[in-house]
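Chemist: just need the structure, nothing else, for what follows:
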Amino acid sequence: MMRKTTAFCLAACSLALGSAAHAADLRAPSYKAPAYEYQPVSVFSWTGFYIGANAGYGWSRGDGTIAFGGPSGSFSGSGDGFLGGVQAGYNWQTGPVVFGVETDFGGSTGKGNVTATAGATTVTGDLKAPWGGTIRGRVGYAWDRWMVYVTGGAAYGKLTYEGTMSTTGAFSSSATYWTWTLGGGVEAALWDRWSMKLEYLYGHTPDTFPAPPGTTALDGNLHSNVVRAGLNYRF
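Modeler: Next up is the predicted model:
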C-alpha cells in the first residue's frame, strides 16, 4: 500500500512540474505601440511688413502770449474731434522683443475756439487741424500673439485759424508744423494675417499757431492727445 501511495505522489509531482515547465515556455502576448507622428509647435512671429487703417478721437489745449505791435497779451483755447487715416510699417522680432518703424497719415474734424487779447486788440476764432501724420519707431514685448509697445518720433500737420479781429475784421491764416510725439499701445494678432491695436499718442507743439494779421510776437504751446484703434494686414 505504501508503495502505491509513493508512486502516486511521484506521478502527481511529475505532472505538476511538467505543467509548470510548459507554462514557463509560453511567451506573453506582444502589442505593437502605435506610431507617433511629430507635430511641430507653430510659433507666431511679428516679423514682416503690414498696412492698415485707424480711427479715433483727439483733444488739445494751448496757451501763450501774443503781441500786435504794442504790449503783449495772452491767448488760450481748447478743442477736440474725430480722426482717421491709414498706416504702414515693418516689424522685426528677435526673441520676445519686437522692433519696428511705422508711418501714418490722416484727416480729422478737430476744431477748437481760440481767443487772444493784447492791448486794444481782441481776437476770437476757430482753430482747425484738417490733416496730419507721424513717422515713429516702435519697441515692443511679445507674448505669442499679444504685444505691448512704446513708440515715438516725429509728427507733422496743418493748422488753420479763422476768426475776427476787433481792429481789422475777419481774417484767415494757416501754418504747417513739425514736432515730436510719444506714446504706447497694445496689439493682438487675432486672425491669420490680421491684427488689431489700441494706442495713445501725446504731442507737444511749440509756436505753431497760425498768426493773425499784424502779429509781431507769438510764444506758446499746444498739447495734443490722441486715442485710436487700428486694424493691420500683415504680409
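Chemist: what helices or strands is the strand or helix carrying residue 232 leaning on?
Modeler: Per DSSP states H and E: residue 232 is located in strand 217-234. Counting contacts by 3 or more CB pairs under 8 Å, 6 or more residues apart in numbering; DSSP states H and E, strand 217-234 is packed against strand 48-67, strand 72-94, strand 169-189, strand 194-206. Just so you know, the C-beta spots here come from the backbone N, C-alpha and C atoms, and that holds for glycine as well.
Chemist: got TSV for those strands, with mean pLDDT too?
Modeler: Listed next are those as TSV, based on pLDDT from 0 to 100:
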stretch	mean pLDDT
strand 48-67	96
strand 72-94	97
strand 169-189	96
strand 194-206	94
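Chemist: to residue 106, which of these lies closest?
Modeler: Relative to residue 106, the nearest member of the helices and strands packed on strand 217-234 by CB to CB is strand 72-94, separated by 1.8 Å.
Chemist: how about the closest one: buried residues?
Modeler: For strand 72-94, the buried set under the neighbour-count rule, 16 or more other CB atoms under 10 Å, comprises 72, 73, 75, 77, 79, 83, 85, 87, 89, 91, 93.
Chemist: list just the nearest of these to residue 220.
Modeler: residue 75 (6.6 Å).
Chemist: so who does the residue lying closest to that closest one once chain neighbours are set aside touch?
Modeler: Distance criterion CB to CB, 6 or more residues apart in numbering; nearest residue to residue 75, sequence neighbours excluded, is residue 116 at 3.5 Å. Residues counted as contacts of residue 116 (CB atoms under 8 Å, 6 or more residues apart in numbering) are 66, 73, 74, 75, 122, 123, 124, 212.
Chemist: would you mind measuring from residue 116 to residue 195?
Modeler: 45 Å (CB to CB, to the nearest Å).
Chemist: hang on, the earlier thing: sheet partners, orientation included, of the host helix or strand of the residue nearest to residue 75?
Modeler: Assigned by DSSP H and E, residue 116 belongs to strand 97-118. Sheet pairing of strand 97-118 (DSSP bridges) gives strand 72-94 (antiparallel), strand 121-143 (antiparallel).
Chemist: for residue 206, the count of nearby residues, please.
Modeler: Applying other CB atoms under 10 Å, we find 13 residues neighbouring residue 206.
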